[in-house]
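> any chance you could fold what I've pasted below:
(chains A, B, C and D)
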There are 2 protein chains.
Amino acid sequence: MRTSTEQTTSLLSSTEAAVLGLLTRGARSGYDLNKLAKAGVAYVWAPAKSQIYAVLPRLVAAGYATTRSVPGGQRPDKQLYRLTAKGRRALKEWLELPVDDADAARNPFLLKAFFGDLMEPEALVGHFERRRDRARASLAEFKAIEDEIAGREDSYYGYLTLRWGLAEARTLIRWTDEVLRELAERGPST
Amino acid sequence: MRTSTEQTTSLLSSTEAAVLGLLTRGARSGYDLNKLAKAGVAYVWAPAKSQIYAVLPRLVAAGYATTRSVPGGQRPDKQLYRLTAKGRRALKEWLELPVDDADAARNPFLLKAFFGDLMEPEALVGHFERRRDRARASLAEFKAIEDEIAGREDSYYGYLTLRWGLAEARTLIRWTDEVLRELAERGPST
DNA sequence: GTCGACATGTAACCAGTTACATGATTAA
DNA sequence: TTAATCATGTAACTGGTTACATGTCGAC
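Numbering: from 1, shown residues only, chains lettered A, B, ... in the order given. Predicted coordinates:
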């Protein structure tokens, strides 16, 4: 973001973009956004709560959002954030910018698998079993969401990304199953 | 790693683990490791050069590796790092530790797709086309590597992870193609 | 005579995390 | 009475990035 007076770059961080994106759906508090993120974009982007609270004032400082204090009775006042036209423009700009081609490959699971020869066979099998189980759980979860939103025009783009989740989970299950079968074959025989 | 005297945790960062992993293949310099990483584990873990140079002295301090200076004639002396028994144990421990279940979902591409309604249709199409092209390129690359290493016992675990790369690329191509077809159908008609 | 490989590192920065701090309200 | 939900935020840290700095040697 670079909060200099004459910023030329004006680039959002992904978390800032995610927050602005959620704000397009209406004015929200940090608390709301956190819940919304956990429920909605979570598969795609999952910032820590503290990060959301950190980002919001910056967005206001940049003129991308405004705050309004809603008295909360006994509890702390609710800070309601609302997207500005400038914020919407900045978001659109960020969204339309090509994704950085070299977006870091960092997958701890694959890293472990890659060095599979350096651990006990059972440990490796455990990794793959957990991965498979997790993929199965995701698949079930995604299917449930699919039933809910499939065909609903308003969540078409969410549905697109969900379909990636489904496809990935299925591919993951197939691959882990295959590997587990292979490992079972080689393991005992050697 | 926590370089306290009585560390109980002794946990490696993934980059430290990756570097130790590469060192199991023999003594290497930072420069070597960087090239090796770019060529080998890159799909799985791709640290910046400077990060490798930062990690190496820490590994030595922790007793996980030793250095030996190899005079380089005119050029800077080569620092050759060699894995210690302790380092190998630490690596094994890290490798066998279950992967953190909640390993951050952060995919800028999917994030953009999720908010597809907030950008120009052509921009979204562009995103998907680039993604598809990139997946095609990866697929070709992975196939080439496959031809090289398939069946070679010594790279079995590298081959496992490569197969994930292949499967993922294929799934990605199928999904992006599908989405692009859909977008083409809705775009002009609406 | 220019480019890329060799070879090491530092400095400044950044995006994000975990744990801490506070405290009322409500439902089981 | 205990746990969850509401509601905000700070502090300390971490794992990483980009750009900078320096200089030789060999190939084309």
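> the helices in chain A, which residues?
Taking DSSP state H, the helices of chain A run over residues A:14-23, A:30-39, A:49-61, A:85-96, A:108-114, A:121-149, A:156-189.
> how is chain A carved up into domains?
Domain ranges of chain A: A:14-96, A:108-189, per automatic domain parsing.
> for chain A, which spans come out with low pLDDT?
A:1-10, A:189-190 (pLDDT under 70).
> try 80 this time
A:1-10, A:72-76, A:101-104, A:187-190 (pLDDT under 80).
> please determine how far the residue lying closest to A:K86 once chain neighbours are set aside is located from DNA strand D.
Counting by C-beta to C-beta, 6 or more residues apart in numbering or on different chains, A:G63 is the residue found nearest to A:K86 once chain neighbours are left out, at 5.0 Å. C-beta: built from backbone N, CA, C; applies to glycine. Taking C-beta to the nearest atom of the strand, to the nearest Å as the measure, A:G63 and DNA strand D are separated by 18 Å.
> picking that back up, please name whichever of the domains of chain A is nearest to B:D32.
domain A:108-189 (17.5 Å; C-beta to C-beta).
> hmm, that closest one touching DNA strand C?
No. Domain A:108-189 is not in contact with DNA strand C by C-beta under 7 Å from any atom of the strand; minimum separation 13.4 Å.
> who's in contact with A:V125?
A:180, A:183-184, A:187 (C-beta atoms under 8 Å, 6 or more residues apart in numbering or on different chains).
> same check, this time on A:L124
So A:L124 contacts A:112-113, A:116, A:183 (C-beta under 8 Å, 6+ apart).
> rewinding a little: adding distance to DNA strand D and neighbour count as columns, could you present the contacts of A:V125 in JSON lines?
As requested, the contacts of A:V125 are arranged in JSON lines below (distance: C-beta to the nearest atom of the strand, whole Å; neighbours: other C-beta atoms under 10 Å in any protein chain shown):
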{"residue": "A:L180", "distance to DNA strand D": "28", "neighbour count": "16"}
{"residue": "A:L183", "distance to DNA strand D": "27", "neighbour count": "17"}
{"residue": "A:A184", "distance to DNA strand D": "32", "neighbour count": "12"}
{"residue": "A:G187", "distance to DNA strand D": "31", "neighbour count": "12"}
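> ok, so of those, who is nearest chain B?
A:L183 (8.9 Å; C-beta to the nearest C-beta).
> specify the beta-bridge partners of the spatially most central residue of chain A.
Centroid-nearest residue in chain A: A:W45, 1.6 Å away (criterion: C-alpha atoms, centre = their mean). Beta bridges link A:W45 to B:R106, judged by DSSP bridges.
> repeat that for A:R28.
Those that pair with A:R28 in a beta bridge, by DSSP bridges, are A:Y81.
> relative to A:A65, how far out is it?
10 Å (C-beta to C-beta, to the nearest Å).
> which neighbours do the two have in common?
Residues touching both A:R28 and A:A65 (C-beta under 8 Å, 6+ apart) are A:Y81.
> compare these two and say which is more crowded by neighbours.
Counted by other C-beta atoms under 10 Å in any protein chain shown, A:R28 and A:A65 do not tie: A:A65 has more neighbours, with 25 against 22.
> A:Y81 is in contact with that one, correct?
Yes. Contact criterion C-beta atoms under 8 Å: A:A65 and A:Y81 qualify, at 4.8 Å.
> find the residues that touch each one of the two.
Between them, A:A65 and A:Y81 share the contacting residues A:23, A:56, A:59, judged by C-beta under 8 Å, 6+ apart.
> out of those, who's nearest B:F128?
Nearest member of those to B:F128, counting by C-beta to C-beta, is A:L23, at 24.9 Å.
> ok, A:L80 - how many residues close by?
Considering only other C-beta under 10 Å, A:L80 is surrounded by 17 other residues.
> ok, now A:R181?
That count, for A:R181 with other C-beta under 10 Å as the rule, works out to 9.
> could you do A:R88 as well?
Neighbour tally, A:R88, other C-beta under 10 Å: 16.
> verify the stated contact: it with A:G21.
No. Judged on C-beta under 8 Å, A:R88 makes no contact with A:G21 at a distance of 10.2 Å.
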